[in-house]
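Trainee: just a sequence and a predicted model for now, questions to come.
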Amino acid sequence: MDGHAPTTSTNSQSAPATSYEVDALKQRMEQLERHIVRLVDIVDTAHTSNGSTHKSSPRSHSAYPTPYSGHTAPTPSAGPSKSTTIDKAFLALDDLSRGYVDTPNSASREEPAKRPLTGSDIPRPVDIWPSIFTVNDSQLPDPKTSRLIYDIAAALPNDQTVTILIDHHLSNDGIFWHFIQENVLKAELLQFSQVRYGPSLILVDPAWLTLLIAILRVSIQSLLSEGDLAVILLVGDKVTLESMDAMLADAFESAMHASKFLHKPQVRILQALLISMSPQQLGCFLDCKTERGVLWHDVAISLCTHLGLAHIDDSVADNDLPQDPAFPPSAPLYTREWSARFSHSLLFMDEVIAAIETDRRGSSSTRAIRLSAEHVSTPSPRNFRDEDLWREGVDVIPRVEPCPSFVLTETSWQIHGLRAAYFWKIISGLIRDPSTMTPEIIRSIDSEIRLGDYELLSLRNSHQLNRVQDILLESFHGSYQQRCLRLHRRYFLQSYSDSAYDFSQSAALSAARSIIKGHKDVVRKYDTFSPRFLTLVFFSHHISATVLLFIHGCLRPSDRHGVQGELQSSLSLFVDAKPPNSVKDRQAWTLSVGRGKLFVEAMLQALTGHPPADLPSIENYLLELNNRCVEPPPANVDSVADYDDFQQVPLSSLLGLFDHSTSGYVQNGDVSEQNPAQLDWDSMFMGF
């Protein structure tokens with residue numbers, strides 16, 4: 001009308017929107033408006049016009065203050081700038097695009113006006129600890145980091161699943177690999193649950209998120225391997241766990257990047273790396289089979305050194321201790337003991353790697369980056385309970401003494417692990433230089449090993465251990481006995497031609513039988529053995545013990561019948577062993593269980609028929625046995641298509657059997673002092 005012709009409809013135009021689509025769009029726009037107004041109001045002011053604090057929302061009543069839960073700061077002299085408001089509006093858009101939903105805990109637009117968020121709102125270490133918020137910056141994170149934090153948080157499972165996974169880690173893998181203090185982590189998780197769906201999420205320290213993700217990933221991988229159905233049913237099926245792990249793997253890399261750890265090194269990044277590389281994959285990692293694992297190890301050593309954790313001896317005053325968000329500012333004992341736990345855990349790994357490389361004569365895998373004993377002046381961790389280092393509601397922990405060795409604490413297992421690794425390294429060096437080994441030195445080290453083993457076994461007498469703790473104790477008991485077995489190896493072989501070395505024969509046989517009995521007892525007690533982070537160690541010790549008994553049965557016909565009974569009992573242990581659920585874990589299972597079954601069964605048959613009668617023929621028999629193939633583990637929930645790739649892996653890759661030729665043997669058991677050193681018998685007794 002009035003000269004304006006109506007627009008002609010064309011076929012290319014879309015059909016009119018339905019009432020449903022219009023209502024949905026309208027609802028979306030209203031949600032966007034509410035969210036922007038709400039967030040800008042939250043950021044604009046934090047007090048009423050007369051300066052009094054407004055009434056907090058229900059979730060602001062927390063024992064752990066957050067930037068939006070009652071933390072006060074001086075009122076700014078000027079209002080927010082236009083750019084600040086625009087920035088917050090765009091953050092609101094980001095929230096909405098990620099599916100942000102108002103919760104009862106979110107501030108409403110009817111709340112009294114609040115002041116703008118500034119760097120002064122970030123809690124300082126002196127105000128609250130523990131705190132998951134960044135404390136080193138005087139301003140908000142840059143937009144790129146903020147977006148990364150949103151993406152990282154979006155990859156995390158819901159709060160209930162996070163709690164389940166953390167509890168699983170604390171009660172399984174985290175018992176030995178103790179790199180987090182439970183009461184501290186639970187306090188931090190409470191803070192995170194209060195802010196993960198709110199605007200102050202951008203203030204969470206990415207280093208803390210890195211640590212959280214590391215714990216979740218290790219727990220997920222443990223569930224995928226062990227197949228704990230009770231827990232899996234709480235968090236989803238296997239496919240859900242695998243998808244969750246893939247998302248968290250990307251989030252871990254993003255959190256590492258967002259933490260800027262190369263510019264701002266933090267203890268939490270060190271914790272995350274230790275947790276990621278130390279668990280149940282000990283054998284695989286220490287064998288340097290993954291480039292990422294090696295890189296993480298190198299970065300962890302660099303962080304430990306840079307942060308000064310390896311050089312905190314008694315001469316360092318409390319005021320000169322490292323300052324880090326992971327350490328409370330008024331608890332020097334906490335800083336000292338956790339620094340010891342971190343640095344000596346890395347030292348433990350270094351000593352195990354060094355022992356493996358020493359055992360592998362001519363190995364070319366020597367590492368360039370190390371944290372050896374001469375580089376660590378921090379004393380070894382002591383037997384403190386975690387609650388003696390920090391307790392909720394206690395500002396200053398009084399100076400306390402460590403617990404006696406028979407008292408089980410969270411770090412007891414690490415203390416014994418450190419000792420076992422130390423003895424392995426020392427004994428490996430002595431074996432490679434036989435001129436340093438004398439009966440006096442052997443007896444001295446033997447007494448030290450037995451003292452450590454006695455202190456370990458006293459834990460069983462003093463405490464009612466749960467299943468995981470009981471298996472841990474038996475594994476470390478086997479480690480101590482393995483040290484005795486290796487220590488006496490040289491003179492054990494000579495004892496069959498020289499009665500002067502009967503002590504070593506008796507000590508080695510006693511250690512072998514102790515390993516076998518302890519393993520059978522704990523498996524019988526719990527019907528099966530499944531913790532994947534100990535399978536390689538547990539059964540490798542058992543294999544070496546049965547090989548020693550086989551040698552004894554061959555060279556002492558009078559004891560042959562008894563040895564046959566012991567090997568028959570051991571065979572049932574390998575036959576009944578439960579294979580892992582995951583295909584990727586079956587190589588370790590094959591090395592430690594599959595080939596063990598092959599060896600024990602074949603040695604038992606040899607003793608029943610025509611056993612070899614001297615050391616050269618025993619070696620030739622075992623070498624021939626070592627070339628046999630292993631049957632694949634029983635069919636499981638996973639495909640075994642990849643099993644053929646490692647079906648031919650020889651036992652020597654685990655035990656290092658017979659690296660050199662058999663030349664130099666004296667036949668018919670006439671063994672001189674030099675011949676055992678020429679044989680590489682020592683490597684059959686290696687293993688943590």
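Mentor: Looks like it came in fine.
Trainee: give me the domain ranges for the chain.
Mentor: For the chain, the TED database gives the domain ranges 404-526, 528-631+683-687.
Trainee: could you dump these to a markdown table with mean neighbour count, mean pLDDT and distance to Pro329?
Mentor: (Each C-beta comes from the backbone N, C-alpha and C, glycine too.) As requested, the domains of the chain are arranged in a markdown table below (neighbours: other Cβ atoms under 10 Å; pLDDT from 0 to 100; distance: least, Cβ to Cβ, whole Å):
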| stretch | mean neighbour count | mean pLDDT | distance to Pro329 |
| --- | --- | --- | --- |
| domain 404-526 | 19 | 90 | 23 |
| domain 528-631+683-687 | 20 | 80 | 35 |
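Trainee: those domains into TSV, with extra columns for distance to Phe179?
Mentor: Listed next are the domains of the chain as TSV, based on distance: least, Cβ to Cβ, whole Å:
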stretch	distance to Phe179
domain 404-526	9
domain 528-631+683-687	14
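Trainee: looking at those, which is nearest to Leu270?
Mentor: domain 404-526 (15.5 Å; Cβ to Cβ).
Trainee: from the contact counts, what lies against the helix or strand that contains Thr335?
Mentor: Using DSSP states H and E, Thr335 sits within helix 332-359. Judged by 3 or more Cβ pairs under 8 Å, 6 or more residues apart in numbering; DSSP states H and E, helix 332-359 is in contact with helix 267-277, helix 282-286, helix 291-306, helix 412-432.
Trainee: now the angle from the longest one to helix 332-359?
Mentor: Between the axis of helix 412-432 and that of helix 332-359 there is an angle of 30 degrees, by axes from the mean of the first three to the mean of the last three Cα atoms, to 10 degrees.
Trainee: cool, and the third one?
Mentor: Here the directions of helix 291-306 and helix 332-359 differ by 130 degrees (the same axes, to 10 degrees).
Trainee: helix 291-306 - contacts with which helices or strands?
Mentor: Partner elements for helix 291-306 (3+ Cβ pairs under 8 Å, 6+ apart): helix 267-277, helix 282-286, helix 332-359.
Trainee: ok, the first one next?
Mentor: Counting contacts by 3+ Cβ pairs under 8 Å, 6+ apart, helix 267-277 packs against helix 206-226, helix 238-259, helix 291-306, helix 332-359.
Trainee: alpha carbons of the first one, as CSV, please.
Mentor: What follows is helix 206-226 as a C-alpha-only set of coordinates in CSV (Å, rounded to 0.1, in the frame of the first residue of the first chain):
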residue,chain,number,x,y,z
PRO,A,206,45.4,-25.1,35.8
ALA,A,207,48.2,-26.9,37.7
TRP,A,208,45.6,-28.2,40.1
LEU,A,209,43.4,-29.3,37.3
THR,A,210,46.4,-31.2,35.8
LEU,A,211,46.8,-33.0,39.1
LEU,A,212,43.1,-33.9,39.3
ILE,A,213,43.1,-35.2,35.7
ALA,A,214,46.2,-37.4,36.4
ILE,A,215,44.4,-39.1,39.3
LEU,A,216,41.2,-39.7,37.3
ARG,A,217,43.1,-41.2,34.4
VAL,A,218,45.1,-43.6,36.5
SER,A,219,42.0,-44.7,38.2
ILE,A,220,40.1,-45.2,34.9
GLN,A,221,43.0,-47.2,33.5
SER,A,222,43.1,-49.4,36.6
LEU,A,223,39.4,-50.1,36.2
LEU,A,224,39.8,-51.0,32.6
SER,A,225,42.5,-53.4,33.4
GLU,A,226,41.2,-55.0,36.5
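Trainee: mind listing what's buried in it?
Mentor: Across helix 206-226, burial judged by 16 or more other Cβ atoms under 10 Å covers 206-226.
Trainee: surely Tyr197 is within a helix?
Mentor: No: assessed with DSSP: H, G, I helix; E, B strand; the rest coil, Tyr197 is coil; it does not lie in a helix.
Trainee: how close does it sit to His552?
Mentor: Distance from Tyr197 to His552, counting by Cβ to Cβ, to the nearest Å: 66 Å.
Trainee: again with Arg217
Mentor: Between Arg217 and His552 the computed distance is 45 Å (Cβ to Cβ).
Trainee: and what of Arg467?
Mentor: Using Cβ to Cβ, Arg467 is found at 33 Å from His552.
Trainee: with Trp424 instead?
Mentor: Per Cβ to Cβ, Trp424 is found 23 Å from His552.
Trainee: what does Val376 give?
Mentor: Separation of Val376 from His552 (Cβ to Cβ) stands at 40 Å.
Trainee: and what of Arg391?
Mentor: Applying Cβ to Cβ, the value for Arg391 to His552 is 53 Å.
Trainee: what's the answer for Ile301, then?
Mentor: 42 Å.
Trainee: report how many residues lie close to Pro143.
Mentor: By the criterion of other Cβ atoms under 10 Å, Pro143 has 13 neighbours.
Trainee: would you mind measuring from it to Ile152?
Mentor: Counting by Cβ to Cβ, the gap from Pro143 to Ile152 is 15 Å.
Trainee: low-confidence ranges in the stretch 101-250 of the chain?
Mentor: For the stretch 101-250 of the chain, the stretches with pLDDT under 70 are 101-127, 135-139, 226-231.
Trainee: 50 instead, please
Mentor: Low-confidence segments of the stretch 101-250 of the chain (pLDDT under 50): 101-117, 119, 122-126.
Trainee: how about the helices of it, start to end?
Mentor: All helices of the stretch 101-250 of the chain, identified by DSSP state H, counting those that start in this stretch, fall at 143-155, 159-171, 173-176, 182-195, 206-226, 229-235, 238-259.
Trainee: name the residues of the first one that are buried.
Mentor: Applying a neighbour-count criterion of 16+ other Cβ under 10 Å, one finds Thr145, Ser146, Arg147, Leu148, Ile149, Tyr150, Asp151, Ile152, Ala153, Ala155 buried in helix 143-155.
Trainee: the fifth one against Trp208, yeah?
Mentor: No: counting by Cβ atoms under 8 Å, Ile149 stays clear of Trp208, with 10.7 Å between them.
Trainee: and the gap between the nearest residue to Tyr480 once chain neighbours are set aside and Ala511?
Mentor: Nearest non-adjacent residue to Tyr480, counting by Cβ to Cβ, 6 or more residues apart in numbering: Asp453, 3.8 Å away. As for Asp453, its distance to Ala511 is 10 Å (criterion: Cβ to Cβ).
Trainee: how deep is Ile164 tucked in, by neighbour count?
Mentor: Neighbourhood size, Ile164 [other Cβ under 10 Å]: 18.
Trainee: surely it and Val235 touch.
Mentor: Yes: contact criterion Cβ under 8 Å: Ile164 and Val235 qualify, at 5.5 Å.
Trainee: quick one on the thing from earlier: okay, the angle between the helix holding Thr335 and helix 182-195?
Mentor: 110 degrees.
Trainee: quick check: mean pLDDT of helix 332-359?
Mentor: Taken as a whole, helix 332-359 carries a mean pLDDT of 84.
Trainee: out of the helices and strands packed on helix 291-306, which one sits most buried?
Mentor: Mean neighbours per residue, mean count of other Cβ atoms under 10 Å, is largest over these for helix 267-277, with a mean of 26.
Trainee: which residues sit against that one?
Mentor: The contact list for helix 267-277 (Cβ atoms under 8 Å, 6 or more residues apart in numbering) reads 177, 179-180, 205, 207-208, 210-211, 213-215, 217-218, 252, 256, 259, 261, 285, 293, 296-297, 299-300, 303-304, 307, 309, 322, 324-327, 338, 342, 345-346.
Trainee: around Asp527, count how many other residues there are.
Mentor: Residues lying near Asp527 (other Cβ under 10 Å) number 9.
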